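Asks: No letters, just coordinates:
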């Protein structure tokens, strides 16, 4: 499948999420009960509600929020060199982030026509999380994100984790491990996903999180290139736009 898709029809994405409030004690009483009901079925008995909230709330769309969406697309320069352009949307206002992201998707579709959203574990996490948060924020889903009821082959999504499975649906591989095994520089050289909440609420260093998110996008882009038997991106051919 990936060999048949033109690089310029891929839009690589990655998101960073955090709990909607800094810790369990900041939830109102109703949401504390809802959290307990949600988490009690999946967490070990020796975990407290406070610990489970710190570890899990950010990855659950009902209790988390998006603070960064990084996107990247391939293009070829005048010499035919493969280049990659990155644009990120970040901040404390999730609604503004999502609106900006949809605007970019619409522009990308108008320019490229049919395109595929691409990422690592994007089918199981990034895209569903974005769609859920859009509904929560009362933002209409564009037609290309109307995925409910569609068969996997009917969606324009390219997932590098799925590509690596080669039909083995029991296999899971992290982006860090896949990058390492393919000889790609790790995107986790500063922080990893488990640290994002502390960096956001503790350090209040959104710039650090955006940089981390952009590294993930570049890593996915290089994995795609490996699957297509093409050279990795050179640093001078990667640009970040405001």
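Replies: Noted; the coordinates are in hand. Nothing here was measured: the structure is a model prediction, and the numbers come from that model.

Asks: Contact partners for the nearest residue to residue 20 once chain neighbours are set aside?
Replies: Nearest in space to residue 20, with sequence neighbours left out and distances taken as CB to CB, 6 or more residues apart in numbering, is residue 65 at 5.0 Å. Yep, even glycine has a C-beta here, placed from its N, CA and C like the rest. Residue 65 sits next to 17, 18, 19, 20, 94, 133 when contact means CB atoms under 8 Å, 6 or more residues apart in numbering.

Asks: Residue 65 should be in a helix, yeah?
Replies: No. Counting by DSSP: H, G, I helix; E, B strand; the rest coil, residue 65 falls outside a helix, being strand.

Asks: Look at it and report its pLDDT.
Replies: Listed pLDDT for residue 65 reads 98.

Asks: Show me what it bridges to in the sheet.
Replies: residue 18 (DSSP bridges).

Asks: Look up how far residue 198 lies from it.
Replies: Separation of residue 65 from residue 198 (CB to CB, to the nearest Å) stands at 16 Å.

Asks: Out of the contacts of residue 65, grab the one that's most surrounded.
Replies: In terms of neighbour count, residue 17 stands highest of the contacts of residue 65 at 27 neighbours, by other CB atoms under 10 Å.

Asks: quick one: low-confidence ranges for the protein?
Replies: 1, 147-155 (pLDDT under 70).

Asks: At which residues are the strands of it located?
Replies: Along the chain, the segments classed as strands by DSSP state E run 10-19, 64-76, 82-90, 116-119, 157-159, 238-241.

Asks: Export those to CSV and append columns for distance to residue 129.
Replies: Formatted as CSV, the strands of the chain follow (distance: least, CB to CB, whole Å):
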stretch, distance to residue 129
strand 10-19, 6
strand 64-76, 7
strand 82-90, 14
strand 116-119, 11
strand 157-159, 13
strand 238-241, 23
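
Asks: For residue 52, find the nearest of those.
Replies: strand 10-19 (10.9 Å; CB to CB).

Asks: Name the residues of the closest one that are buried.
Replies: 10, 11, 12, 13, 14, 15, 16, 17, 18, 19 (16 or more other CB atoms under 10 Å).

Asks: quick check: angle from it to strand 82-90?
Replies: If you take axes from the mean of the first three to the mean of the last three CA atoms, to 10 degrees, strand 10-19 sits at 30 degrees to strand 82-90.

Asks: now for strand 10-19, which elements pack on it?
Replies: Helices and strands touching strand 10-19, by 3 or more CB pairs under 8 Å, 6 or more residues apart in numbering; DSSP states H and E, are strand 64-76, strand 116-119, helix 127-136, helix 196-197, helix 206-227.

Asks: circling back to that earlier point, of all the strands of the chain, which one is nearest residue 43?
Replies: For residue 43, the closest of these is strand 10-19, at 15.0 Å, according to CB to CB.

Asks: The closest one vs strand 64-76, what angle?
Replies: Going by the same axes, to 10 degrees, strand 10-19 makes 160 degrees with strand 64-76.

Asks: Next, the angle helix 206-227 makes with strand 10-19.
Replies: Relative orientation of strand 10-19 and helix 206-227, computed by the same axes, to 10 degrees: 140 degrees.

Asks: Tell me which of the helices and strands packed on strand 10-19 sits most buried.
Replies: Among the helices and strands packed on strand 10-19, strand 116-119 has the highest mean neighbour count (mean count of other CB atoms under 10 Å), at a mean of 26.

Asks: Parallel or antiparallel, list what pairs with that strand.
Replies: In the sheet, strand 116-119 lines up with strand 10-19 (parallel), strand 157-159 (parallel) (DSSP bridges).

Asks: circling back to that earlier point, of all the buried residues of strand 10-19, which comes closest to residue 110?
Replies: Nearest member of the buried residues of strand 10-19 to residue 110, counting by CB to CB, is residue 11, at 12.8 Å.
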